[in-house]
Every structure is written in C-alpha cells, then in structure tokens.
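Engineer: Need coordinates for the following:
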Amino acid sequence: MGKARKKTQKAKSRSRGGLSPNKYLSKPQQHKLLSYVKAQADLGRARGSKRAVVDELLCQLLIEAGLRAGEVCSLRLKDLPICHGKDSVWIQNGKGSVSRAVEIPQRLSSSIKRFCRLCRKGAEPEGPLFVSSKGKPICYMTLYRKIRRIGERAGIGKLHPHMLRHTYATRLYAVEKDLLFVSDQLGHSNVSTTHIYAKTDSESRRSQVEKIADE
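Structural biologist: Reported below is the predicted structural model:
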C-alpha cells in the first residue's frame with residue numbers, strides 16, 4: 001500500500017466519531033480541576049503568594065475561553081478587558097497569522113481584571129499578561145509543565161493544555177450546537193475541523209443508547 005493511500009485512510013479514520021475519551025475532561029473532572037485551582041489561588045491570595053493565582057487564570061483561559069497554549073503565552077494587557085473594556089480577548093496573529101476576538105463569560109473577564117490588579121499593576125499595555133521570573137513572557141514549556149503539575153495534584157492524572165481547549169469546545173458546542181460559532185471562537189480556518197466536537201460527549205447520542213438499554 002502506497003504512502004498516499006495510507007495517509008488518506010488515516011485521515012478518514014480521524015473523521016469518524018468524536019474525540020478519544022482521554023482527549024478531554026468529563027464534567028466531574030472539570031469541576032475537580034477548577035475547584036482545586038480556585039482553592040489554591042484563594043490560599044495564595046490570603047498568603048500574598050502569586051504562583052497559584054497565575055495557575056488559576058492559566059487554567060481558566062484554556063478551559064473557559066479555549067485558547068491555544070501559544071495564544072495564552074502571547075497575550076498582552078492591551079488584548080484584555082482590563083484595557084479595552086469588552087468581555088472578550090483579542091488574539092493577535094493566532095495560528096495561520098489570523099487575528100480574532102474571543103468572547104468570554106463575565107466571570108472570566110472579572111478574573112482577568114482581578115489578576116491584573118494583583119499581579120500586573122503598573123505594567124504597560126504592551127506588556128505580557130504572564131511573565132517569567134525575568135519579566136519575559138512565559139514560554140510554552142513553562143505553561144505545559146504547570147498544567148501537567150496541576151493535573152497530577154488535582155487528582156486528574158495526565159493533563160496538557162490542549163485537553164482543556166478540547167474540553168471547552170465540547171462544552172460550547174453542547175450549548176447551542178452552533179458549529180460556526182465554535183469554529184470562530186477556536187480560530188479554525190475551516191469549520192470541518194470543528195465538526196469533531198459535534199460527535200464528542202453528546203447527550204443526544206447517549207440518550208439514544210440509553211433508550212435501547214431500556215427496551
């Protein structure tokens with residue numbers, strides 16, 4: 001079998017069904033993760049420590065806005081509600097050099113504003129949202145290691161940034177089943193890329209299976 005044929009068959013196999021169960025979090029896992037990072041951040045704020053506060057917002061931007069890890073690392077203060085006053089995050093030159101506005105819930109907008117007042121007070125609008133100990137924007141590997149550590153300590157197990165993006169997309173599609181909106185939020189160049197979320201963790205599909213079991 002030629003390489004081109006194998007590649008075509010592999011692509012076809014990816015398009016059938018939804019995400020593998022180990023690619024996204026269940027609702028109980030989501031609650032467990034967010035409860036853990038909030039508890040740690042509350043403790044950090046009480047003690048005047050910023051590390052857990054940073055971890056909390058990193059997780060929120062991944063699971064409540066669906067940003068790519070690289071997009072989170074590249075965020076500047078002027079891209080955020082704290083500067084432009086909108087409940088959205090501006091992604092400058094995302095994947096494929098495409099910029100977009102990502103709508104976010106008010107609670108995330110409030111979290112960003114609170115974080116900036118605590119951790120980035122006095123920073124210039126062009127400055128990064130998340131900085132290293134040297135004052136530079138955090139890198140992908142730093143973010144990746146943080147999320148892996150959080151997953152282990154929260155009792156979830158192996159966790160990486162893209163799992164949280166997958167989780168966000170699956171949750172968002174389930175609300176209105178608006179595939180085009182999900183695609184816009186994620187910054188996909190083609191809505192067909194987004195279609196996998198219509199097949200993932202679907203309550204309507206599960207209800208059909210349960211009806212068979214009840215017969």
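Engineer: drop to CA atoms for contacts and neighbour counts, all remaining ones
Structural biologist: Will do.
Engineer: any low-confidence regions in this protein?
Structural biologist: Per-residue confidence of the chain (counting by pLDDT under 70) places the weak regions at 1-16.
Engineer: mind listing the helices for it?
Structural biologist: 3-14, 27-47, 51-63, 69-74, 81-84, 106-119, 140-153, 161-176, 179-186, 191-194, 203-214 (DSSP state H).
Engineer: Pick out the residue closest to the middle of this structure.
Structural biologist: Averaging the C-alpha coordinates of the chain gives a centre point, and the residue nearest to it by CA atoms, centre = their mean is Leu62 (2.1 Å).
Engineer: Tell me how far that one lies from Val175.
Structural biologist: Per CA to CA, to the nearest Å, Leu62 is found 18 Å from Val175.
Engineer: just Arg205 next, same as before
Structural biologist: Counting by CA to CA, the separation of Arg205 from Val175 is 15 Å.
Engineer: Tell me if I'm right that Glu56 and Ala41 touch.
Structural biologist: Yes. The pair Glu56 / Ala41 is scored as a contact, 6.3 Å apart, by CA atoms under 8 Å.
Engineer: of these two, who's got more company?
Structural biologist: A side-by-side neighbour count of Glu56 and Ala41, using other CA atoms under 10 Å, places Glu56 first with 24 against 21.
Engineer: got the contact list for that one?
Structural biologist: When contacts are counted by CA atoms under 8 Å, 6 or more residues apart in numbering, Glu56 touches Leu34, Val37, Lys38, Ala41.
Engineer: Is it possible to get TSV of those residues that adds distance to Lys158?
Structural biologist: Conversion of the contacts of Glu56 to TSV gives the following (distance: CA to CA, whole Å):
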residue	distance to Lys158
Leu34	16
Val37	16
Lys38	19
Ala41	21
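Engineer: related to what we said a few turns ago, dump the helices of the chain to JSON lines, plus distance to Ser97.
Structural biologist: Formatted as JSON lines, the helices of the chain follow (distance: least, CA to CA, whole Å):
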{"stretch": "helix 3-14", "distance to Ser97": "25"}
{"stretch": "helix 27-47", "distance to Ser97": "31"}
{"stretch": "helix 51-63", "distance to Ser97": "20"}
{"stretch": "helix 69-74", "distance to Ser97": "11"}
{"stretch": "helix 81-84", "distance to Ser97": "22"}
{"stretch": "helix 106-119", "distance to Ser97": "25"}
{"stretch": "helix 140-153", "distance to Ser97": "18"}
{"stretch": "helix 161-176", "distance to Ser97": "19"}
{"stretch": "helix 179-186", "distance to Ser97": "14"}
{"stretch": "helix 191-194", "distance to Ser97": "17"}
{"stretch": "helix 203-214", "distance to Ser97": "35"}
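Engineer: Ok, which of those helices comes nearest Pro21?
Structural biologist: Relative to Pro21, the nearest member of those by CA to CA is helix 161-176, separated by 10.3 Å.
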